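Student: need a 3D model of the following:
(chains A and B)
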Protein chains: 2
Amino acid sequence: MKLTILGSFSAYPSFKGFTTSQVLEYSGKSFLIDCGEGTQIQLRKNKIKFNSIEDIFISHLHGDHYFGLPGLILTFNLLGREKPLNIFGPKGIKEIITSLMKAGKTWTNYKLNFIELSSIKPVVIFNKNNLSVTTIPLYHGIYTNGFLFRKKASSHKLIVSKVMDFGIDKTQFSGIKLGKDGVTEKGDIIKNIKLVEPLNPDITYAFCSDTIFNLNITKQLMDCDLLYHESTFLKKDENFATKTFHSTAEQAAIIAKNSNVKKLILGHFSSRYNDLELFLDEAKTVFNNCELALENKSFVF
Amino acid sequence: MKLTILGSFSAYPSFKGFTTSQVLEYSGKSFLIDCGEGTQIQLRKNKIKFNSIEDIFISHLHGDHYFGLPGLILTFNLLGREKPLNIFGPKGIKEIITSLMKAGKTWTNYKLNFIELSSIKPVVIFNKNNLSVTTIPLYHGIYTNGFLFRKKASSHKLIVSKVMDFGIDKTQFSGIKLGKDGVTEKGDIIKNIKLVEPLNPDITYAFCSDTIFNLNITKQLMDCDLLYHESTFLKKDENFATKTFHSTAEQAAIIAKNSNVKKLILGHFSSRYNDLELFLDEAKTVFNNCELALENKSFVF
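Tutor: Residues are numbered from 1 along each chain as shown, chains lettered A, B, ... in the order given. Model (predicted):
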């Protein structure tokens, strides 16, 4: 899986960078996560094929997380898109998008599916081709979800040479793939582990933006391969963080540590800070395997 | 007056450039005309002070002309704006903007005034500090206005030395400024023209985007100092222009010629063309004083 950061500043796009948007690439598909103003410019810059995007996940309805969406939807249309587009986002997003299209008398020639979210508990909202997406309910003053992407371990793969060496009949293959032992023609039992390649474990990416510091979410984040957690502020401005339902770099690191994730990436920086390295320094005092989610940077995991 | 082009491509922002937005600067104020996605980035790039913008004019509700507006309104708020903001645009714009703010539970701390337009005849919508703005009804499939900015000739300025030479009494000054003749102490009448500096004529800028080719608008554009007229297509694609209620470069030049304007600038280019000079070449066969409205370019007039 490859995650590319299209924008990682909070509040508004500026010289410093674009607002929140990311692309997760897996198996030829691109999953767009949030869509701040200018996302379509960033998609082009990062050479993400527009047609590889079939699913867009919007965390919440603050403008810096979706004001690039109406334009992107219309651009897809102008580029001749035919395949459907699925938009997962808070209840209300359908009305917003359709009212903008109505005002412009502009309709899409492709099918636009809205999957509106309103549950305050985790819900599996996507499950296709070994990839599932589960909401991570966040607390941010307005209805907000993070998203947990899980690439599931594929089924066991036979080691063909071994199976043939043992002279195991084809009729047993599907059972062996599901974990059963094999039986030779002579009746000897061959342990499953000798006949199949080791399973790749699940690979997981958790996107958590925006949220107040909330240890409850660690249950869902446990052992994640990669965690993006917002860190709008530094510890010295923790009072602002709490007041605006955001987190500090230190708090993001505490979440990472308590969730035992492999790697943490920080983003959603307030533009009040000129030196982003301060976020990294602060987080690393708590959790060492940490990087900044800088614009146009990719993480392969 | 100084006009700066923030974006001049049609349909969607891309590597080639941003969509329609312009700033007209006059007397310390910045008038924003249309506000495509990414306008706030372009405002910063062109060093336009956010606080100098008090009035925004939106031609129509196609996304490439206002999808940067919701974000800009919220950015003003985040930057601590206190003074009111006036938004002139088609009926419906208020509901769109307020519904976006409602969804995000985000309200402005400054006053947001919407002046919704629905007349299909020219209307004076702004008149302050010697500057007036009149709508130019355009035909574009949905309700659309161009805008005619007129900096009015200031009142007559006394030539102080002359007035004193003739020994004309102070009590006559206000009358002379309004065009009256002067009377000396001896009763001689001194023609007004001898006592005042020549009047600067009106200075006018006409913004016409988007529109099908329509000679009716030349009545309003007559003798303009500067005309921006959309030229989405080249003549070879005139059928597309007509079908989509747009104009070609040649048609824009015909409008300029028939309106006897001083200078024409072309914009709203379709991204299908790689060489924008072709627009200029085509227009110049009809009207010579013509330039491309290229991004980040300014016109002083």
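
Student: CA only for contacts and neighbour counts going forward, please
Tutor: Noted.

Student: need the per-residue pLDDT for residue A:129.
Tutor: Note on residue A:129: pLDDT of 87.

Student: right, I mislabeled it, should have said residue A:244
Tutor: Confidence at residue A:244, expressed as pLDDT, is 96.

Student: please report how far it lies from residue B:106.
Tutor: Between residue A:244 and residue B:106 the distance, using Cα to Cα, to the nearest Å, works out to 12 Å.

Student: now residue A:160
Tutor: With distances taken as Cα to Cα, residue A:160 is found 61 Å from residue B:106.

Student: next, the buried residues of stretch A:172-181.
Tutor: For stretch A:172-181, a neighbour-count test (16 or more other Cα atoms under 10 Å in any protein chain shown) marks A:173, A:176-177, A:179-181 as buried.

Student: now the strands: where do they sit in the stretch 1-150 of chain A?
Tutor: A:2-7, A:21-26, A:29-35, A:53-57, A:85-90, A:112-117, A:124-128, A:131-140, A:142-151 (DSSP state E, counting those that start in this stretch).

Student: among these, which is nearest residue B:1?
Tutor: Checking those against residue B:1 by Cα to Cα gives strand A:2-7 as the closest, at 35.9 Å.

Student: end-to-end on stretch A:141-157?
Tutor: With Cα to Cα as the measure, the ends of stretch A:141-157 fall 47 Å from one another.

Student: now stretch A:11-18: mean pLDDT?
Tutor: Per-residue pLDDT values over stretch A:11-18 give a mean of 90.

Student: that stretch and chain B in contact?
Tutor: Yes: part of stretch A:11-18 sits close enough to chain B to count as contact by Cα under 8 Å from any Cα of the partner chain, namely A:11-15.

Student: show me which of those residues are buried.
Tutor: With neighbours counted using 16+ other Cα under 10 Å, these contain these buried positions: A:11-14.

Student: restricted to helices, list those residues.
Tutor: Using DSSP state H, no member of these sits in helices.

Student: if we can go back for a sec, nearest to chain B, of the buried residues of stretch A:172-181?
Tutor: The shortest separation between chain B and any of the buried residues of stretch A:172-181 is 48.1 Å, and it belongs to residue A:177 (by Cα to the nearest Cα).

Student: residues in contact with that closest one?
Tutor: Each residue near residue A:177 by Cα atoms under 8 Å, 6 or more residues apart in numbering or on different chains is listed here: A:155-158, A:196.

Student: which residue, other than its chain neighbours, is closest to residue A:217?
Tutor: In space, residue A:217 comes closest to residue A:136 once its chain neighbours are excluded; the distance is 7.3 Å by Cα to Cα, 6 or more residues apart in numbering or on different chains.

Student: and for residue A:139?
Tutor: Nearest residue to residue A:139 in three dimensions, chain neighbours excluded: residue A:211, at 5.3 Å (Cα to Cα, 6+ apart).

Student: residues touching the one you found, list them.
Tutor: Shown in contact with residue A:211 (Cα under 8 Å, 6+ apart): A:138-140, A:230, A:245-247.

Student: let me have these in JSON lines, extended by neighbour count and distance to residue A:216.
Tutor: Putting the contacts of residue A:211 into JSON lines (neighbours: other Cα atoms under 10 Å in any protein chain shown; distance: Cα to Cα, whole Å) gives the following:
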{"residue": "A:138", "neighbour count": "27", "distance to residue A:216": "9"}
{"residue": "A:139", "neighbour count": "20", "distance to residue A:216": "10"}
{"residue": "A:140", "neighbour count": "18", "distance to residue A:216": "14"}
{"residue": "A:230", "neighbour count": "28", "distance to residue A:216": "16"}
{"residue": "A:245", "neighbour count": "18", "distance to residue A:216": "15"}
{"residue": "A:246", "neighbour count": "25", "distance to residue A:216": "15"}
{"residue": "A:247", "neighbour count": "29", "distance to residue A:216": "14"}
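
Student: how many neighbouring residues does the residue in the stretch 101-250 of chain A positioned nearest to chain B have?
Tutor: Of the stretch 101-250 of chain A, the residue with the smallest distance to chain B, taken as Cα to the nearest Cα, is residue A:104 at 4.8 Å. By other Cα atoms under 10 Å in any protein chain shown, 16 other residues sit near residue A:104.

Student: per-residue confidence at it?
Tutor: At residue A:104, the model reports a pLDDT of 95.

Student: that one and residue B:142 touch, don't they?
Tutor: Yes: assessed by Cα atoms under 8 Å, residue A:104 is found in contact with residue B:142 at 7.2 Å.

Student: now do the shared contacts for the two.
Tutor: With contacts defined as Cα under 8 Å, 6+ apart, the residues shared by residue A:104 and residue B:142 are B:60-61.

Student: and residue A:110, how many neighbours?
Tutor: Residue A:110, neighbours per other Cα under 10 Å, totals 15.

Student: so who does residue A:49 touch?
Tutor: By Cα under 8 Å, 6+ apart, residue A:49 lies in contact with residue A:43.

Student: go again using 10 Å as the cut-off
Tutor: Remark: with contacts taken as Cα atoms under 10 Å, 6 or more residues apart in numbering or on different chains, residue A:49 is in contact with A:28-30, A:43.

Student: any residues of the stretch 151-300 of chain A in contact with chain B? List them.
Tutor: Residues of the stretch 151-300 of chain A lying close to chain B by Cα under 10 Å from any Cα of the partner chain: none are found.

Student: where exactly do the strands run in the stretch 151-300 of chain A?
Tutor: When secondary structure is read from DSSP E, counting those that start in this stretch, the stretch 151-300 of chain A shows strands at A:182-183, A:189-190, A:203-208, A:226-230, A:263-267, A:290-292, A:298-300.

Student: show me chain A divided up by domain.
Tutor: Chain A resolves into domains spanning A:2-154+A:200-300, A:160-195 when parsed by automatic domain parsing.

Student: ok, of the ones you listed, where does mean pLDDT dip lowest?
Tutor: Between the domains of chain A, the model is least confident about domain A:160-195 (mean pLDDT), which shows a mean of 92.

Student: so for that one, what gets flagged as buried?
Tutor: Within domain A:160-195, the residues that qualify as buried are A:163, A:166, A:168, A:173, A:176-177, A:179-183, A:190, A:192, A:195, counting by 16+ other Cα under 10 Å.
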